[in-house]
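# predicted model and sequence below, questions to follow.
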Amino acid sequence: MLARGFRFLAVAAAVLFVTAGCAALPDSDALIDQHSGRAAQFENAGGPLSAQKGAAIVADLKRRSGDIDILDKQIALEQAIVGSPLITGNKVLLLQDGTATYAAMFAAIRAARDHINVETYIIEDDEIGRQFADLLLLQQQRGIQVNLIYDSVGCINTPKAFFERLQQGGINVLEFNPINPLAAGKPWLLNHRDHRKLLVVDGRIAFLGGINISSVYSSGSGTRRHMEAEQKKSAWRDTDLQVEGPVVGELQKLFIETWAKQQGKPLAARKYFPELRSQGKDIVRAIGSSPDEPYSLIYVTLMSAIGNAERQIQLTNAYFVPDAQLLKALTDAAGRGVEVTLILPSHTDSEIVFQAGRAHYSPLLKAGVRIYERRGALLHSKTALIDGVWSCVGSTNLDWRSFLDNDEVNAVVLGRDFAGQMTAMINRDLTASEAITLEKWEQRSLLLRIKEWGASLLQRLL
């Protein structure tokens, strides 16, 4: 038994050979203090709203949400930290798992009339990946310009022939930060990865969240399937958003900025920024983070939201390797009477990350944080719901790599209506999860403790 533990440590030690860089997480408290006291800015399809109209929106949100202070404090902080405005007039649909998400994506791609922009960490040469490729090629042949960004490390197992076929069909393909330094058009930084999952069609409809393009999602979270790996694994449980309305323009900007920074070939002239009209009542802020910036905008946004929480924090995440500040924010929130709930995986595709996260269970449980592990599916969602009114969905994990090394994209949605969708989803995940109690956790085996200790030594690299 101990031998197995030491073998695990040997594997963990091998991670040290991967360059982690010297970046450090920001002092979130100092940044939050620096940006406090400013007013939030709102926009609609017609452009920026007056301060008076913005104040009226906040007042209405607070009236319908029980006068929760987070709506006043948090959105103003986000505005100062992130810079992108809160945009009204959107329609946001919560999508769960691959079956629903791929169906919605395929429908939007088939309905495209001008262009399709795809940005993904992984696109696999499997059934789902080939369906995507075939559909994109068909649309390109119909005269609709397709632009694709894929991450070099994320797609390391995808044959080059897969992308060559797309290029030969006229699709504009860009490899993000190539593993081969000779192919890089800018300074070579292996650890800088594009972890975003973003699809923008005609500049009018967008999809973002945690889902890569892979058949591991195709059977949904309630069934099981045979993977290409040797053992039988659960299907993956993930969450995405379908967004229509003026905020799609902000997501389109992120795609085009990445294309430019990666020195891709000039994009074909298309209507990338059409006039957008109101599509619904959801208020959304798009947040993109990149190591090119002084600090992770998503990290500081999440830290400020946790700090401003008054009643309830519910976090669902695939890769939980928190830094000291995030741990303190969660335990401090529990200490001031906020109900803090973490829904984390019961098994994962990364054993080292899994054990590094579990190394933090004891202090969290002792502080009163509730921890649940999702059963029956490999949890890959990255969501947050705070005080039943502030929702966040995107590609960002609660780990060092997402906050320091990756390009990520999240969306913050304000209001009780969308939060109701989030609450229903979270309750379903809780029903399928096992509560981890402090008493039970303290009885875990010596082997597990060794694995947790060894993995925790490497958490900055994970």
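Sure thing, it's come through.
# show me where pLDDT drops low in this protein?
Along the chain, segments meeting pLDDT under 70 span 1-23, 35-39, 62-72, 185-186, 218-234, 462.
# and the closest residue in space to residue 118 that isn't next to it in sequence, what is it in contact with?
Of all residues not flanking residue 118 in the chain, residue 148 sits nearest, at 4.7 Å (CB to CB, 6 or more residues apart in numbering). (Glycine included, C-beta is placed from N, CA and C.) Contacts for residue 148 (CB atoms under 8 Å, 6 or more residues apart in numbering) come out as 118-120, 123, 136, 166, 171-174.
# which one of those sits closest to residue 81?
The closest of the contacts of residue 148 to residue 81 turns out to be residue 119 (CB to CB; 23.1 Å).
# OK, contacts around that closest one?
Residue 119 makes contact with 148-149, 194, 196-199, 255, 258 under the criterion CB under 8 Å, 6+ apart.
# about what we covered before: is the residue nearest to residue 118 part of a helix or strand, or is it coil?
Under DSSP: H, G, I helix; E, B strand; the rest coil, residue 148 falls in the strand class.
# bridged to it, which residues?
Beta bridges link residue 148 to residue 118, residue 173, judged by DSSP bridges.
# please tell me how far it sits from residue 154.
Distance of residue 148 to residue 154, computed by CB to CB, to the nearest Å: 13 Å.
# between those two, what contacts are shared?
With CB under 8 Å, 6+ apart as the test, residue 148 and residue 154 both reach residue 120.
# just to revisit the earlier point, now, the contacts of residue 119 that are in helices?
In this view, those that belong to helices under DSSP state H are 255, 258.
# still on that earlier bit, just the buried subset of the contacts of residue 148, written out for ChimeraX, thanks.
Burial among the contacts of residue 148 is assessed by 16 or more other CB atoms under 10 Å; the matching ChimeraX selection reads:
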select :118,119,120,123,136,166,171,172,173,174
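# for the contacts of residue 148, which one is nearest residue 79?
Proximity of the contacts of residue 148 to residue 79 (CB to CB) peaks at residue 119, which lies at 25.0 Å.
# quick one: the residue nearest in space to the middle of the chain from residue 211, how far?
Closest to where the C-alpha atoms of the chain average out (CA atoms, centre = their mean) is residue 395, at 1.5 Å. Using CB to CB, residue 395 is found at 9 Å from residue 211.
# is it fair to say residue 162 lies in a helix?
Yes: when three-state DSSP is applied, residue 162 is found to be in a helix.
# helices of the stretch 251-400 of the chain, residue ranges please.
297-308, 324-335, 351-358, 361-366, 400-404 (DSSP state H, counting those that start in this stretch).
# so which of those helices is nearest residue 458?
Residue 458 lies closest to helix 351-358 among those, at 6.5 Å (CB to CB).
# report the buried residues of the closest one.
Across helix 351-358, burial judged by 16+ other CB under 10 Å covers 352-358.
# picking that back up, out of the helices of the stretch 251-400 of the chain, which gets nearest to residue 190?
Per CB to CB, nearest to residue 190 of these: helix 400-404, 12.2 Å.
# what's the closest one packed up against?
Packing contacts for helix 400-404, counted by 3 or more CB pairs under 8 Å, 6 or more residues apart in numbering; DSSP states H and E, involve helix 297-308.
# isn't the residue nearest to the centre of the chain right up against residue 196?
Yes: judged on CB atoms under 8 Å, residue 395 makes contact with residue 196 at a distance of 5.4 Å.
# which residues do these two both contact?
Residues touching both residue 395 and residue 196 (CB under 8 Å, 6+ apart): 121, 208, 408-409.
# now do the SS call for residue 420.
helix.
# the chain should start at 428 in everything you say after this.
All set: I'll call the first residue 428, so the last point we hit is now residue 847.
# for the nearest residue to residue 682 once chain neighbours are set aside, give its distance to residue 459.
Spatial nearest neighbour of residue 682, excluding adjacent residues (CB to CB, 6+ apart): residue 544 at 4.8 Å. To residue 459, residue 544 is 33 Å away according to CB to CB.
# who has more neighbours, these two?
Comparing residue 544 with residue 459 by other CB atoms under 10 Å, the one with more neighbours is residue 544, at 27 against 20.
# so what does the lengthiest strand in the chain touch, helix or strand wise?
Ranked by residue count, the top strand of the chain under DSSP state E comes out as strand 513-523. Contact analysis of strand 513-523 by 3+ CB pairs under 8 Å, 6+ apart lists strand 469-471, helix 497-509, helix 524-537, strand 666-671, strand 709-716, strand 833-841, helix 843-858 as its packing neighbours.
# just the CA atoms of the fourth one, as CSV, please.
Coordinates of the C-alpha atoms in strand 666-671 are reproduced here as CSV (Å, rounded to 0.1, in the frame of the first residue of the first chain):
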residue,chain,number,x,y,z
THR,A,666,-21.8,23.5,-18.0
ASP,A,667,-22.0,26.1,-20.8
LEU,A,668,-24.0,29.2,-21.7
GLN,A,669,-25.8,30.2,-24.9
VAL,A,670,-25.9,34.0,-25.1
GLU,A,671,-27.7,36.3,-27.4
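# quick one: contacts of that strand?
With contacts defined as CB under 8 Å, 6+ apart, strand 666-671 is touched by 517-523, 528, 531, 535, 624, 631-638, 678, 706-707, 711, 743, 808-810, 820, 838, 840, 852.
# please apply the same query to the longest one.
The list of residues contacting helix 843-858 from outside it, by CB under 8 Å, 6+ apart, reads 491-492, 519, 521, 523, 664, 666, 708-709, 741, 743, 768, 770, 799, 801, 806, 808, 810, 812, 815-818, 840.
# so which bits of that helix are buried?
When neighbours are counted by 16+ other CB under 10 Å, the buried residues of helix 843-858 are found to be 845-846, 848-850, 852-853, 856-857.
# so can I have a markdown table of these showing distance to residue 720?
Below are those laid out as a markdown table (distance: CB to CB, whole Å):
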| residue | distance to residue 720 |
| --- | --- |
| 845 | 27 |
| 846 | 29 |
| 848 | 30 |
| 849 | 27 |
| 850 | 32 |
| 852 | 30 |
| 853 | 30 |
| 856 | 32 |
| 857 | 35 |
